[in-house]
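Colleague: Compute the structure for the input listed below.
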Amino acid sequence: ENGEAAQKGELAGVDGMEQEAISLIGLMKPLAGSYLKEKIVDRDIIEDPRDVINYLKLTLSGGSAERFIGLYLNSRNELLAAEVLHEGSLAHSAVYPRKVIELAIKHNASSIIFVRNHPEADAEPTAADLRLMRRLEEAAATVDITVHDHMILGRHSHFSARANGWPFEAAFASPMAAEK
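Modeller: Down below sits the predicted model:
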């Protein structure tokens with residue numbers, strides 16, 4: 001919300017910009033978000049992840065806080081819920097596997113996609129990202145939940161662990177090997 005307030009403040013400083021126009025512009029992001037969310041509800045979102053990326057880019061844009069989200073899916077890879085698992089700097093706090101699994105059970109999810117944004121950086125995973133990926137996959141495997149992907153949305157690009165060869169089986173490669 002702080003990002004939205006700053007944007008409204010910037011718009012108010014534009015010559016000729018009236019409050020009604022600022023209010024209309026403020027409605028654009030929520031309306032676009034609703035439209036993009038409708039495109040991924042009741043569909044196999046694994047088949048074509050572009051709609052998910054578009055929805056998440058819009059949802060996560062405009063703020064400076066890092067967010068870590070779990071997309072909980074049913075057995076047909078349809079979205080059951082999108083849960084914010086952490087907000088703030090991931091360097092100072094952890095995403096807890098126990099919370100991730102509790103939410104998966106609550107939503108009766110059979111699989112998860114993890115998404116993190118790097119609002120001020122590129123989308124390359126850090127060593128900490130890779131360690132977290134491994135911990136979350138190990139936790140999910142203990143309760144037979146599939147992790148389809150770990151995605152990172154950077155300022156101008158995105159990263160998909162799945163598209164970059166991350167092993168999604170119980171026998172994990174070393175995160176350091178995935179980093180090279």
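Colleague: surely Ala140 meets Leu103?
Modeller: No - when contacts are counted by C-beta atoms under 8 Å, Ala140 is not listed as touching Leu103 (11.3 Å). (Glycine included, C-beta is placed from N, CA and C.)
Colleague: More neighbours: the two, which one.
Modeller: Neighbours per residue, other C-beta atoms under 10 Å: of Ala140 and Leu103, the larger number sits with Ala140, 20 against 17.
Colleague: Now do the same contact list for the more buried one.
Modeller: Applying C-beta atoms under 8 Å, 6 or more residues apart in numbering to Ala140 gives the contacts Pro97, Val100, Ile101, Ala104, Ile112, Thr146, Val147.
Colleague: tell me the SS of the last one?
Modeller: Under the three-state scheme (DSSP: H, G, I helix; E, B strand; the rest coil), the conformation of Val147 reads as strand.
Colleague: If it is in a bridge, with which residues?
Modeller: In this entry, Val147 is beta-bridged to Ile112, by DSSP bridges.
Colleague: all helices for this protein, in order.
Modeller: Ranges of helices in the chain, per DSSP state H, are 2-12, 19-40, 50-60, 97-106, 127-142, 175-179.
Colleague: Can you pull the poorly scored residue ranges out of this protein?
Modeller: 1-11, 25-49, 61-63, 90-93, 167-180 (pLDDT under 70).
Colleague: what's the distance between Leu79 and Arg135?
Modeller: Taking C-beta to C-beta, to the nearest Å as the measure, Leu79 falls 24 Å from Arg135.
Colleague: go on, Glu102?
Modeller: 15 Å.
Colleague: So between these two, which is more surrounded?
Modeller: Higher neighbour count among Glu102 and Arg135: Arg135, with 16 against 11, using other C-beta under 10 Å.
Colleague: so what's the residue lying closest to the more buried one once chain neighbours are set aside up against?
Modeller: Spatial nearest neighbour of Arg135, chain neighbours left out: Pro97 (5.7 Å); criterion: C-beta to C-beta, 6 or more residues apart in numbering. Residues counted as contacts of Pro97 (C-beta under 8 Å, 6+ apart) are Arg135, Leu136, Glu138, Ala139, Ala140.
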